[in-house]
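A.B. asks: sequence and predicted structure below; questions after.
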Amino acid sequence: MNRGAGARPTWLRGGLDPWLLGGLLLLAAAGLAILYGASGGNGDLVLRQGARFGLGLVLMLVAARLPPGLLLGWTPWLYGGAVLLLVLVALLGEGRGAHRWLDLGVVRFQPSEITKLALPMMLAWVLHGQPLPPRWPVLALLAALVALPSLLIGQQPDLGTALLVAASGLFVVFLAGLPWRWMLAAGIGAAAAAPVLWHFMHEYQRNRVRTFLDPESDPLGQGWNIIQSKIAVGSGGLHGKGWMAGTQSQLDFLPEHTTDFVFAVFAEEFGFVGVLAMLALYGFIIGRTLVIAGAARHTYGRLLAGSIALTFGVYVLINGAMVAGLLPVVGVPMPLVSYGGTSAVTLLLAFGLVFSVHRHRRQSSPGAGL
Amino acid sequence: MARRRQARVQVKDAVREGGLFRARLIQAGALLVVALLALVARYAWLQLSQHEEFVTRSESNRIKLRPVAPARGLVYDRNGVLLADNRPAFRIEVVPERVADLEATLSGLAGLLVLDDDDLERFRVQYAAARRFQPVPLKFNLGEEEMARFAVNQHRFPGVDVVSYHSRHYVHGALYSHIIGYVGRIDADDQARLDGRRYAGSSHTGKTGLERHYEDLLHGHAGLEHVETHAAGRPLRVVSRTPPRAGRHLYLSLDHRLQSAMAAAFEGESGAAMAVDPRSGEVLGMVSLPGFDPNPFVGGISRRAYAELVDSPDRPLFNRVVQGGYEPGSTLKPLLVVAGLELDVIRAGDRVLSTGQYQLPGHSQVYRDWRAGGHGQVDAREAIAQSVNTYFYRLAVDIGIDRMAAFMGRFGFGERTGLDVIGEARGVLPSREWKQATLREPWYLGETVIAGIGQGYWVTTMPQLAQSMSILARRGRHAPLHLLRATQDGIDGEPIPVPGQAASELPLGDAGHWEVAVQGMVDVVHGATGTARAIGQGAPYRIAGKTGTAQRVSRREGRNPDSLARHLRNQALFVAFAPAEDPAIVLVVVIEGGGSGSRAAAPIARRILDAWWAIGRELQP
């Protein structure tokens, strides 16, 4: 596809930013090692996760070669498809308590994960042809595009993902230059809407908020996760208890210790030093992606790369804060460390798009690559 | 306005948009950096400044204390014959978290095991209270057949296990039921009484008898294990262990051979007997018949079996030898002779005419002798040998109730002997003060008369009779009664003798007064006119004995005699010691259900003494 690259043997490097690629590979390797420890040496689990990483990397490499123009053309279809899948999930999905999964026979996956990618693409697609900052009729359209999948996901119910999906859309709008005063107004509006939101929340969601506000009130029930997670993190100390030696997870005190709370296990086993190193790695990946976004010359590409960087960063922040007891328990994984297939594949695919943006950064119009 | 116009003219201003975008990127990046730093600060706070606190909480999460029950001390007789053992036994336990359908499991098990309603009820209560990983015992002490049947079917019952444990076992069943007693499951009352630290992990405690009295020695101290547990509390491995301190083994003064002979000597009759070595105060044998098998009480006796024991007319649960109160009757006469001699009311050689009846001066009431027409002229020794009532009527009146109470009190009547058992009765030593305090009535002289033949208000216990006879047998030397001879720490330890209470002297003005009473008692068995001369024939050793027949109700303090069963209202007694010259055994026999002391109780005593003679010289003081 890369006809413009000529005869140079660039299939490997071919526009792939070595810094970002290196960071991601390092993160994926660390993620597998952490997961192995957190699962108590469960090789099968790590192999399954590794296979997903493999699939994700392949998709990433393929996506890296797609010219932005092609992506631009596919975007409305992708968005429409994602919304359609969300509707399907709402009608015939499966999952424990909440309908999140769609079983396609070969693969089971969560369409909400695809939405995390499809939504910012769609918003970038809309804004691509518009003067920036966007005018309010455009903003109204964007708001509708954000609200549709967010509400569908919210009623699954999966409040955390709904908020994240909405956030990924908002990042696009923010990067597009939405005036600060508008955002301030939106923030006040959201605060005002919180009681309304509370009213529509499921009991288990309310409990999560309550528990977050006072975890000790129900230490064996709702507060258990937060308390045990903080104990795990705190008892890790400066150097940690050593790989696979974290008693909180190995003895099952910490629930969800391979998925949402895997970072607590990491903090217990590798201590503050490990946490610093891990956050630095995440920070590096985010920073490098932001640099790539800043270097892109066409609106679609830079909005997409920028929003991916910010979404990725928000994942890290939310999961890290949740594990440390700063946020309520929401189902946000630690990127590429938490066990879970759809999230890992989607993330790697997203970075594939970032690579694509990076590769075609000099084009002022996404269509030029075709 | 300007922007709009511009927008209309020019669709996109790439340079301006690029600048705006980069500004936004920088703003976003700055926000992310701030947020990341805040997160780092939070982790630093948790992991560095609060580290100690969370380490403590993590450890207390992980390490649980688990008590380890100590092995209960064993009980042996004086020769090391095992009386109470800890036996490996098997019980069925159910682990809640592994059982899918409890009702189906229970009904399936009911086809294999003998489960009564009591077992099931107890199980359900415990099951409801237990944590999910905690095994709940369903049935103790499985029989061999039950074991076999369950083993074949075990695969059908996930979560149901056979577990081995140590169960108290009373090797000789009913023979020691009233002496050693039994252990039972710790109940709410016990829990309030016992030291929680020592009993952590223990399921049983002494309920009656020596098991209760020497609980402190037998139980030992619980050990502790620091166990690393799973979040659900399931133990994974032992981190450290303080071993339990096992209870001490007890060596009793009882001789199993004599004990067996004593029980056999009753030939199925109900009654009680107590044998004591007067030199040391050691109890050599103690039976209360019929007894009961204490073993079912260990695992929890079924309601039906318990009701059978309670309702049995033979009252097997009643501890005749410790709690029984008996009218001593004529068995007190030798001691009253000593009292009379000591108080100078009579002299040994004085002969008194027995006409068969006695009247207080100025009273019309006639007190009769057991032999109509009387015994003729008798001295003190003959009065004992022939059990001449009229002699003692007069003697009692001459002594007076106050001096009688004071003198008899020195033998320990009306007080517990301090024998190391639970629930010893106190008996009644008749006196003015006692009657005033208990019945709020003055004392009448007529009551002194019948007190002289051990009737009226008199209530004695078997230990009291054995103690008073021991003092007489050893001519004033009083070695306190006791059952515990030695304790042993572990099976390899040397048995450590238990220092009994020091012996004391009961001095008489003239030590020869003892001999008068002893000679009278020898004549009871070996004299030509003795009331128990039938048992003296062919004895290779000289027996000093005294018969006693209580025609009236036995009266224990605070108990209405009418509430006692009919067969308890007539008791034959025999007290004895042998050899008369240097007594090494004191024997007290009570037999229920009629007959006289001479015909019913004395032959049993002779059989017991013969057994003792056969065991003979092996007995060391």
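C.D. replies: Yep, it's here.

A.B. asks: centroid-nearest residue for chain B?
C.D. replies: Computing the C-alpha centroid of chain B and ranking residues by C-alpha atoms, centre = their mean puts residue B:209 first, at 1.0 Å.

A.B. asks: can you tell me how far it is from residue B:423?
C.D. replies: Note on residue B:209: its distance to residue B:423, by C-beta to C-beta, to the nearest Å, is 9 Å. Heads up, the C-betas are built off the backbone N, CA and C, glycines and all.

A.B. asks: can you check residue B:607 too?
C.D. replies: Distance from residue B:607 to residue B:423, by C-beta to C-beta: 28 Å.

A.B. asks: of those two, who's got more company?
C.D. replies: Set residue B:607 next to residue B:423 and count neighbours by other C-beta atoms under 10 Å in any protein chain shown: residue B:607 wins out with 18 against 14.

A.B. asks: ok, that one touching residue B:265?
C.D. replies: Yes - counting by C-beta atoms under 8 Å, residue B:607 does reach residue B:265; the two are 4.0 Å apart.

A.B. asks: give me the element residue 308 is part of.
C.D. replies: All of this refers to chain A. Secondary structure from DSSP states H and E places residue A:308 in helix A:299-323.

A.B. asks: other chain: chain B
C.D. replies: Assessed by DSSP H and E, residue B:308 sits inside helix B:303-311.

A.B. asks: got any ranges where chain B has weak pLDDT?
C.D. replies: B:1-12, B:130-134, B:230-235, B:551-570, B:594-595, B:617-621 (pLDDT under 70).

A.B. asks: and it, what are its domains?
C.D. replies: Domain assignment for chain B, taken from automatic domain parsing, gives B:15-49, B:66-252, B:256-291+B:324-479+B:513-615.

A.B. asks: out of those, which one sits most buried?
C.D. replies: Mean neighbour count (mean count of other C-beta atoms under 10 Å in any protein chain shown) peaks for domain B:256-291+B:324-479+B:513-615 among the domains of chain B, with a mean of 21.

A.B. asks: for it, measure first residue to last.
C.D. replies: In domain B:256-291+B:324-479+B:513-615, first residue to last residue: 11 Å (C-alpha to C-alpha, to the nearest Å).

A.B. asks: next helix or strand past the helix or strand where residue A:225 lies?
C.D. replies: Assigned by DSSP H and E, residue A:225 falls within helix A:224-236. With elements assigned by DSSP H and E, the helix or strand that comes after helix A:224-236 is helix A:247-250.

A.B. asks: what about dumping the CA coordinates of that next one to PDB?
C.D. replies: Extracted in PDB, the C-alpha atoms of helix A:247-250 (Å, rounded to 0.1, in the frame of the first residue of the first chain):
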ATOM      1  CA  THR A 247       0.200 -11.700  49.900                       C
ATOM      2  CA  GLN A 248      -2.800  -9.500  49.300                       C
ATOM      3  CA  SER A 249      -3.300 -10.900  45.800                       C
ATOM      4  CA  GLN A 250      -1.700 -14.400  46.200                       C
END
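
A.B. asks: helix or strand right after it?
C.D. replies: Counting by DSSP H and E, the next helix or strand C-terminal to helix A:247-250 is helix A:262-295.

A.B. asks: list the buried residues of that next one.
C.D. replies: For helix A:262-295, a neighbour-count test (16 or more other C-beta atoms under 10 Å in any protein chain shown) marks A:262-272, A:274-275, A:278-279, A:281-295 as buried.

A.B. asks: the helix holding residue A:308 to helix A:224-236, inter-axis angle?
C.D. replies: Calculated by axes from the mean of the first three to the mean of the last three C-alpha atoms, to 10 degrees, helix A:299-323 forms an angle of 90 degrees with helix A:224-236.

A.B. asks: returning to that earlier point: state the mean pLDDT of the helix holding residue A:225.
C.D. replies: Averaged across helix A:224-236, the pLDDT comes to 86.

A.B. asks: that helix and chain B in contact?
C.D. replies: Yes - residues of helix A:224-236 contacting chain B under C-beta under 8 Å from any C-beta of the partner chain: A:228, A:230, A:231, A:232, A:233, A:234, A:235, A:236.

A.B. asks: elements contacting that helix?
C.D. replies: helix A:247-250, helix A:262-295, helix A:299-323, helix B:51-62 (3 or more C-beta pairs under 8 Å, 6 or more residues apart in numbering or on different chains; DSSP states H and E).

A.B. asks: with distance to residue A:55 added, can I get the domains of chain B in a markdown table?
C.D. replies: Listed next are the domains of chain B as a markdown table, based on distance: least, C-beta to C-beta, whole Å:
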| stretch | distance to residue A:55 |
| --- | --- |
| domain B:15-49 | 29 |
| domain B:66-252 | 34 |
| domain B:256-291+B:324-479+B:513-615 | 78 |
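
A.B. asks: reformat those domains as TSV; add distance to chain A.
C.D. replies: Below are these laid out as TSV (distance: least, C-beta to the nearest C-beta, whole Å):
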stretch	distance to chain A
domain B:15-49	4
domain B:66-252	4
domain B:256-291+B:324-479+B:513-615	44
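
A.B. asks: for residue A:346, find the nearest of the ones you listed.
C.D. replies: domain B:15-49 (20.4 Å; C-beta to C-beta).

A.B. asks: how distant is the closest one from the center of its chain?
C.D. replies: How far domain B:15-49 lies from its chain's middle: 78 Å, per C-alpha atoms, centre = their mean, to the nearest Å.

A.B. asks: re the thing from before, what's the angle between the helix holding residue A:308 and helix A:262-295?
C.D. replies: 160 degrees.

A.B. asks: tilt between the next helix or strand after helix A:299-323 and helix A:299-323?
C.D. replies: Per DSSP H and E, the first helix or strand lying C-terminal to helix A:299-323 is helix A:341-359. Angle, helix A:341-359 to helix A:299-323, by the same axes, to 10 degrees: 140 degrees.
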